[in-house]
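Chemist: what's the 3D shape of this:
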Amino acid sequence: MSVIFGLFYRDGRLVSDELDVMFSGMKHFPHNKRDMIIHDNCGFGNMLNYNTPEAVNESMPKWLPLAQLLFVAEGRIDNRDELFITLGIPAEKQKTMPDGDLMLEAYMKWGESSVDRLIGKWSFAAFHAENQKLFIARDKCDYTEICYYIDDKVIIFATSSKGILSLPFIKKEIDDLKIARFLIVWKGDYDRTFFRHIKRILPSHTLRITQDTIELHRYWNYTKIQLREGLSQQEYIDDLFDNLSKAVAARLRSYKPIAATLSGGLDSSTVCAIAAEQMNLKGKHLRTYSHIPEFTPSSTLSKFNFGNEKPYIETIVNKCKNIDPIFLDSSTISPLTGIEEAFRLNGEPFHAAGNAYWIVDIFMTAVKEGYGTILMGEFGNATISWTGMEDALSFKKIVNRYGVIRALKKKLLKPILYGNTSLARTYKSLIFGSQPWKKISYCTKSFQESLNLEEQIKRSGFDPTFKRYFSNPKDQAFSILDGGVLRYSIGANIGCMTGLELRDPTTDSRVIESALSIPNEMYLGKMNKWILRTMMREKLPEEVLFNTRKGKQSSDLTARLCAHAKEMNRIIDEMEAVGFGRIADIDRIRLDWEKIQVNSDDFHIDTVFHLLRPIAAFIMYKSIDE
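Modeler: Predicted structure coming up:
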């Protein structure tokens, strides 16, 4: 993906070589061309990676003397035809106009409100020299990242924090509280990065800075989407399918060949089935990458999980005809090497550290094979395949569906025990303890106390038991989308480092608006996820369409880790030697690691995932010292 970066001296100082220094921290990113423009106390840079056919005509940044405007943009605009008409772009210009120029045209006409009209994956910055105003904006929700540092003298921004951290006056300090949040899976504070002095602009947000003011603004909010009442289920399905098809088509506009990730689940299979159908019309095949286990899956998987998705994937391939599958067992990359490589690509630890090895393998294999775009289905569980919420049905409807006992549990007992009440908090404290995160975090007591962690958690309202009752049926979907911020960031960072652009139709704003406007009951048919199961009944095999179990990726993680025992021993020794015991309980890590080696079959795989999280945090601390 392309990169934008820049800085604005709020105190009026002239920019000198700062852009060159910022570029030096990112020059290893794949890019086709680069340029920089400085105007007095503000300067912008761009590292262009051809992501669409029109991008070959792009030239950014731009200085417009008459408007006294400095402008830089990157990304992909998906509603080009609509904007061409509204902006009056001549037909002869439309086919070759790059998306950056289209964003500039939109900004020149509508100013800051142009963000409401842009659909796609994008970010831009505009500096008005006359009134000394810098305006930075990013898309509604996509694999985009804008990091920034700000004080009373300067603001610095970049697609990657590596550009900011390359400046000598920026302190490279890790935020201990962010590490604690990472270790205990404490969601929230998504605008914080792992670096103490660097923040990120959240999706659907703009940042306006003058010499005296700083204003953050959210211009689009999925929690405000209104329900559309009174339509038939088929009308809701038709609208969702239409928007999803448009979202897939928009993401097939690529300069380089397109591939996709494919699991045995509904989301990625839906994206692949629709993409394959559209590509087939042009006589093209879709290359897909799938992870499969190297060893026998863990015996501790729940009855709701299965460990090998290959049989389901093969039924999808047989159904779609023009899918060319690649199955990767990732035998050449250990779980620990995967964590280190994931950190190199992302610049921050992966939350799902136990999945890092195969995620890295898939993306790097796609790059080696010459692909520049990869389709995903990460956010389908909040949009196209949302389950619906039985708890939100009326008491009478739950009785009719499931009987009186289940209705009493859902409408009476569950809100009492898991709702946001003092009684529920007392109950959870008795059952799970006052510090339930200790079971998964491996944080030392002294580290927790240094941050006053227990008190901070109480004040925040975070529920570390993860036993939550949602009174609003869509709150569950909202929480998934909220947490997607970090996945967007990971996708953007991987794109910067590899040149591979991640694209997910299930997070298209049109798809989100369509899905979240469907009443809850429509999702609850003969099975959950009934909207998607009905929508794809002709396009997906029944084995996948009506499967109720979930594939467990990294299902053989325990065996993989044991196969690389020397590597695990080495890194634990290193953690202890350099003093990481300040943060993580090394003795407990060693004890659990010994238990795994003695009886790997019975050691719960979820605990193995938790064990690898402090190792991912250590890799980051280690990088600062090197």
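Chemist: make it CA atoms for all contacts and neighbour counts henceforth
Modeler: Fine.
Chemist: In terms of helices and strands, where is the most centrally placed residue in the chain?
Modeler: Closest residue to the average C-alpha location of the chain: residue 487 at 1.7 Å, with Cα atoms, centre = their mean. For residue 487, the enclosing helix or strand under DSSP states H and E is helix 475-498.
Chemist: What lies in contact with that helix?
Modeler: 1-3, 28-30, 141-145, 160, 187-188, 190, 202-203, 222-223, 345-347, 350, 364, 367, 379, 381-383, 386, 470, 500-502 (Cα atoms under 8 Å, 6 or more residues apart in numbering).
Chemist: Thought residue 585 was touching residue 446, still the case?
Modeler: No. Using Cα atoms under 8 Å, residue 446 is not in contact with residue 585, being 10.0 Å away.
Chemist: Looking only at neighbour counts, state which of these two leads.
Modeler: Neighbours were counted for residue 446 and for residue 585 using other Cα atoms under 10 Å; residue 585 has more, 19 against 14.
Chemist: wait, what's in contact with residue 570?
Modeler: Contacts of residue 570 by Cα under 8 Å, 6+ apart: none found.
Chemist: so what secondary structure elements neighbour the helix or strand bottoming out on mean pLDDT in the chain?
Modeler: None of the helices or strands of the chain scores lower by mean pLDDT, DSSP states H and E than helix 422-432, at a mean of 82. In terms of contacts (3 or more Cα pairs under 8 Å, 6 or more residues apart in numbering; DSSP states H and E), helix 422-432 is packed against helix 414-418.
Chemist: Just the residues contacting the helix it packs on, thanks.
Modeler: Here helix 414-418 has contacts from 423, 424, 425, 427, 428, 467, 468, 469, using Cα under 8 Å, 6+ apart.
Chemist: can I assume the fifth one is in contact with residue 465?
Modeler: Yes. Using Cα under 8 Å as the test, residue 428 is close enough to residue 465 to be in contact (7.4 Å).
Chemist: neighbour count winner among those two?
Modeler: Neighbours were counted for residue 428 and for residue 465 using other Cα under 10 Å; residue 428 has more, 19 against 16.
Chemist: Can you give me the distance of residue 397 to residue 389?
Modeler: From residue 397 across to residue 389, the span is 12 Å (Cα to Cα, to the nearest Å).
Chemist: Can you say which of the contacts of helix 475-498 are buried?
Modeler: Among the contacts of helix 475-498, those that count as buried by neighbour count (16 or more other Cα atoms under 10 Å) are 1-3, 29-30, 141-145, 160, 190, 202-203, 222, 345-347, 350, 364, 367, 379, 381-383, 386, 470, 500-502.
Chemist: Now do the strands in the stretch 201-350 of the chain.
Modeler: 205-209, 214-218, 258-261, 286-291, 305-306, 323-328 (DSSP state E, counting those that start in this stretch).
Chemist: Tell me the strands beside the fifth one, with direction?
Modeler: Counting by DSSP bridges, the strands paired with strand 305-306 are strand 550-551 (parallel).
Chemist: Run through who's touching the strand it pairs with.
Modeler: 263, 264, 265, 304, 305, 306, 307, 308, 309.
Chemist: residue ranges of the helices in the stretch 451-600 of the chain, please?
Modeler: Remark: helices assigned in the stretch 451-600 of the chain by DSSP state H, counting those that start in this stretch are 453-460, 475-498, 509-516, 530-535, 542-545, 557-563, 565-577, 586-598.
Chemist: cool, and the stretch 101-250 of the chain?
Modeler: 161-165, 176-184, 233-251.
Chemist: Pass me the low-pLDDT residue ranges in the protein, would you?
Modeler: Residues of the chain that meet the criterion pLDDT under 70 lie in 625-626.
Chemist: Break it into its domains for me.
Modeler: Segmentation of the chain into domains, based on automatic domain parsing, reads 3-220, 224-387+478-553, 420-469, 558-625.
Chemist: Quick check: end-to-end length of the second one?
Modeler: Spelled out, that is domain 224-387+478-553. 34 Å.
Chemist: Quick check: beta-bridge partners of the nearest residue to residue 216 once chain neighbours are set aside?
Modeler: Setting aside the residues directly before and after it, residue 216 is nearest to residue 207 in space (Cα to Cα, 6 or more residues apart in numbering), at 4.7 Å. Listed by DSSP bridges, the beta-bridge partners for residue 207 are residue 136, residue 216.
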